[in-house]
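> after the sequence you'll find the predicted model.
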Amino acid sequence: MPKREIKEEKPKLFKIRRAGESKKFGVAASTLKELIRKGCGLFQASPSKAQCCLYEDGTLITEEYFLHVPENTEVVLLSAGQSWSGSVVYDLGQVLCLDRHADELISAAKNLLQDDDEELPAKRRKLLGDLLCNLKDNADLEDRADDEEWFEGIDTRFKTKSAYMKYNCEQRIRGYLKEVDGHAQTIQSVRAKGEYKKVVMSLAEKLKSERYNGNYFDRTEKELHRLCTNEGWFSCQGAFDQEKCGSLHSINPYGNRESRILFSTWNLDHRIEKKRTIIPTLVEALHAKKSSDINLDYFYKLLFTRENLKLVHIVCHKKGAHDLTCDSRQVYKRAKKTQR
């Protein structure tokens, strides 16, 4: 048998530097492993636990992410124990001669973000937001006693960051259930309303058994059940009509209080819309039918699970009608098929 040819990735050029150093070199690499190996050779650094991240915002590069990094991207080689908060922190620190943890630097960034000047470029606002998210990074701390500032304003019953983040996600999912329940008030038929309420009760019971899917935000959960890394990093999954986020938005709400608050602006967005498509389809499916005739799992997955939910940065959250005609038709089609 003829040997199958193994397609090799074309080497990409990178500009690599060490954390806190201005000197950089050009390196060509086909894989992340090769990039790290060559970088360690250039800077005479130990390859043990070495990593690479983006110079601009400190995003860690994985093997999968490496494939999507553009040509001539500037990266930072991190030795074991090192971190990089991004070019904004480094450049401001150099200009202002301030330590990256200095209160003055944080205060200045906050004041600029609170400025009502509409002419402040969106990109600058994003950079300042990233700056606040990366300063005072205590993502490695988990307990309340070790990072009291992170828990400011949070009920004392929460003793760990993961417990609160899980609760945060649960509250979002509970909110969706409340919206589904509230729709019952718009149903005119007494019989149809009664059957609809039975479906809502069944959905509530199923959600309760699944602990309202709060594991999505809990970094202590198994990888299969969460949306973040072990360290707590979340990545934007892109707008409803995109396969991925072109801006590579990311955030670690476990890092500091500012990041935790900013994460509240991220959305668990329904790709196929809850109010315009899913709920109306459920009501139509109950027409002249009983609640027991409905495939509960089908609607449960669309309303409350990652099968139809995408975590998106506020910039990627398109609030207008989701133009997914084919998907919407499929929902109606599937809804009819799922009736027993």
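That came through fine.
> and the gap between W233 and N267?
Taking CB to CB, to the nearest Å as the measure, W233 falls 17 Å from N267. (C-beta placed from N, C-alpha, C; glycine too.)
> to clarify, my last question referred to H68.
23 Å.
> who has more neighbours out of those two?
N267 (17 against 9; other CB atoms under 10 Å).
> quick one: neighbours of the closest residue in space to the more buried one that isn't next to it in sequence, just the number.
Leaving out its chain neighbours, the residue that sits closest to N267 by CB to CB, 6 or more residues apart in numbering is H317, at 4.6 Å. Per other CB under 10 Å, the neighbour tally for H317 reads 16.
> H317 reaches H270, doesn't it?
No: H317 is beyond contact range of H270, at 10.9 Å (criterion: CB atoms under 8 Å).
> if we can go back for a sec, separation between the residue nearest to N267 and C236?
Here H317 is placed at a distance of 9 Å from C236 (CB to CB).
> what does S264 give?
S264 is 15 Å from C236, by CB to CB.
> check T59 too.
From T59 across to C236, the span is 11 Å (CB to CB).
> one more: I61?
I61 sits at a distance of 17 Å from C236 (criterion: CB to CB).
> more neighbours: those two, which one.
C236 (24 against 20).
> quick one, helices of the stretch 1-150 of the chain?
Using DSSP state H, counting those that start in this stretch, the helices of the stretch 1-150 of the chain run over residues 32-43, 63-66, 87-96, 103-113, 122-134.
> any idea of the mean pLDDT for the last one?
Rounded to a whole number, the mean pLDDT of helix 122-134 is 56.
> what's the answer for the shortest one, then?
For helix 63-66, mean pLDDT rounds to 88.
> G20: how many residues sit nearby?
12.
> pLDDT weak spots in the protein?
Along the chain, the model assigns pLDDT under 70 to residues 1-9, 85-136, 320-340.
> domains of it: list them as residue ranges, please.
As given by automatic domain parsing, the domain ranges for the chain are 12-78, 87-134, 161-338.
> do you know which of the ones you listed lies nearest F151?
Of all those, domain 161-338 sits nearest to F151, with 7.4 Å by CB to CB.
> now do that closest one: distance to the chain's middle.
Relative to its chain's centre, domain 161-338 lies at 14 Å (CA atoms, centre = their mean, to the nearest Å).
> also stretch 70-79?
22 Å.
> CA atoms only for that stretch, dumped as PDB, please.
The C-alpha trace of stretch 70-79 is given here as PDB (Å, rounded to 0.1, in the frame of the first residue of the first chain):
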ATOM      1  CA  PRO A  70      -1.500  35.300  12.500                       C
ATOM      2  CA  GLU A  71       1.900  35.700  10.800                       C
ATOM      3  CA  ASN A  72       4.400  38.100  12.500                       C
ATOM      4  CA  THR A  73       2.500  38.100  15.800                       C
ATOM      5  CA  GLU A  74       4.600  39.300  18.700                       C
ATOM      6  CA  VAL A  75       4.900  36.800  21.600                       C
ATOM      7  CA  VAL A  76       6.500  36.600  25.000                       C
ATOM      8  CA  LEU A  77       8.400  33.600  26.300                       C
ATOM      9  CA  LEU A  78       7.500  32.800  29.900                       C
ATOM     10  CA  SER A  79       9.700  30.700  32.100                       C
END
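> quick check: buried residues in it?
Across stretch 70-79, burial judged by 16 or more other CB atoms under 10 Å covers 73, 75-79.
> from these, which single one is nearest R144?
L78 (28.9 Å).
> ok, the closest one to E34 distance?
16 Å.
> SS state for H287?
Under DSSP: H, G, I helix; E, B strand; the rest coil, H287 falls in the coil class.
> tell me the contacts of the residue nearest to it when sequence neighbours are not counted?
Nearest residue to H287, sequence neighbours excluded (CB to CB, 6+ apart): A192, at 7.0 Å. By CB atoms under 8 Å, 6 or more residues apart in numbering, the contact list for A192 reads 283, 286-287.
> helix or strand for A192, which one?
Using DSSP states H and E, A192 sits in helix 190-209.
> which parts of that helix are buried?
Those would be 192-193, 195-196, 199-200, 202-204, 207, for helix 190-209 by 16+ other CB under 10 Å.
> what's the following helix or strand after that helix?
That would be, after helix 190-209 and using DSSP H and E, strand 234-235.
> touching that next one from outside, list them.
Under CB under 8 Å, 6+ apart, the answer for strand 234-235 is 227-228, 245, 248-253, 263, 266, 311.
> from the residues you listed, which single one is nearest E148?
P253 (16.4 Å).
> wait, the closest one sits on F263?
Yes: using CB under 8 Å, P253 is in contact with F263, at 3.7 Å.
> okay, those two: which has more neighbours?
Under the criterion of other CB under 10 Å, the comparison of P253 against F263 puts P253 first, with 27 against 21.
> where does the more buried one land in three-state SS?
On the basis of three-state DSSP, P253 is classed as coil.
> let me have the buried residues of helix 190-209 in a markdown table, extended by distance to L13.
Below are the buried residues of helix 190-209 laid out as a markdown table (distance: CB to CB, whole Å):
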| residue | distance to L13 |
| --- | --- |
| A192 | 63 |
| K193 | 64 |
| E195 | 63 |
| Y196 | 59 |
| V199 | 57 |
| V200 | 56 |
| S202 | 57 |
| L203 | 52 |
| A204 | 55 |
| L207 | 50 |
